[in-house]
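In: Sequence and predicted structure are below.
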Amino acid sequence: MASPNPAEGWISCRRILWFLAIAAGFGAGLAGCHRAPPLTPQEAEGKHLYSVRCAHCHEDNDLALKKVPPDLHDVFSRTALPSGAPATDPDVKRIILSGKGMMPSFAGRFSDDQMNDLLAYLHTGLR
Ligand code: HEC
């Protein structure tokens, strides 16, 4: 009986390493996709509403308000809003509807669907 060829063992080991490297690359690619899945139609609609109704203040402060409108990118990844109110859907809806300080009220400006679209987009962290 011939003993197993050590060179062959080395080659198949390299094959396995190749396979692992490719699999790891593929896995990393998938993980990358997972981090930023495309916006759902609802989130995309919310993004549009945010960009026409909110961004000019919250990103550009185009009215040069003394109280700079807070950055909303991570509004739902924290437990509290900048004012200290809980960062929950009902609280954010209430603020959008009633306004706050220099922020105008949007009462009657959004349908229920539009409000839900907007909140869905705020939940994405404003991608
Ligand atoms: C005219 C400018 C302006 C517009 C338009 C505007 N905001 Fe604001 N927003 C502000 C200002 C100023 C504050 C800070 C209010 C304060 O704490 O006195 C604020 C605060 C907030 C807060 C944090 C409230 C808290 O309790 O800390 C949220 C959430 C928010 N805005 C969401 C929105 C959304 C969503 C829109 C679009 C529908 C929007 N805002 C449109 C100016 C604006």
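Out: Great, that's in hand. Residues are numbered from 1 along each chain as shown.
In: contacts, neighbours, all on C-alpha from now
Out: Fine.
In: neighbours around Asp71, how many?
Out: When neighbours are defined as other C-alpha atoms under 10 Å, Asp71 has 12 of them.
In: who's in contact with the residue nearest to it when sequence neighbours are not counted?
Out: Take Asp71 and drop its neighbours on the chain: the residue closest to it by C-alpha to C-alpha, 6 or more residues apart in numbering is His58, 5.9 Å away. Residues near His58 by C-alpha atoms under 8 Å, 6 or more residues apart in numbering: Val68, Pro69, Pro70, Asp71, Leu72.
In: helix, strand or coil for the fourth one?
Out: Which is Asp71. Following DSSP: H, G, I helix; E, B strand; the rest coil, the label given to Asp71 is coil.
In: And it, how far from Ala55?
Out: Separation of Asp71 from Ala55 (C-alpha to C-alpha, to the nearest Å): 9 Å.
In: Kindly report the same for the last one.
Out: Using C-alpha to C-alpha, we find Leu72 at a distance of 9 Å from Ala55.
In: Could you pick out the residues of this structure near the ligand for me?
Out: Residues of the chain lying near the ligand by C-alpha under 6 Å from any ligand atom: 50, 53-54, 57-58, 67-70, 81-83, 85, 92, 96, 100-104.
In: Weed out the non-buried ones from these.
Out: Buried by 16 or more other C-alpha atoms under 10 Å: Tyr50, Cys54, Cys57, His58, Pro69, Leu81, Val92, Ile96, Met103, out of those.
In: Same list, the residues you listed, but as JSON lines with secondary structure and pLDDT please.
Out: Listed next are these as JSON lines, based on DSSP: H, G, I helix; E, B strand; the rest coil; pLDDT from 0 to 100:
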{"residue": "Tyr50", "secondary structure": "helix", "pLDDT": "98"}
{"residue": "Cys54", "secondary structure": "coil", "pLDDT": "98"}
{"residue": "Cys57", "secondary structure": "helix", "pLDDT": "98"}
{"residue": "His58", "secondary structure": "helix", "pLDDT": "98"}
{"residue": "Pro69", "secondary structure": "coil", "pLDDT": "98"}
{"residue": "Leu81", "secondary structure": "coil", "pLDDT": "97"}
{"residue": "Val92", "secondary structure": "helix", "pLDDT": "98"}
{"residue": "Ile96", "secondary structure": "helix", "pLDDT": "98"}
{"residue": "Met103", "secondary structure": "strand", "pLDDT": "98"}
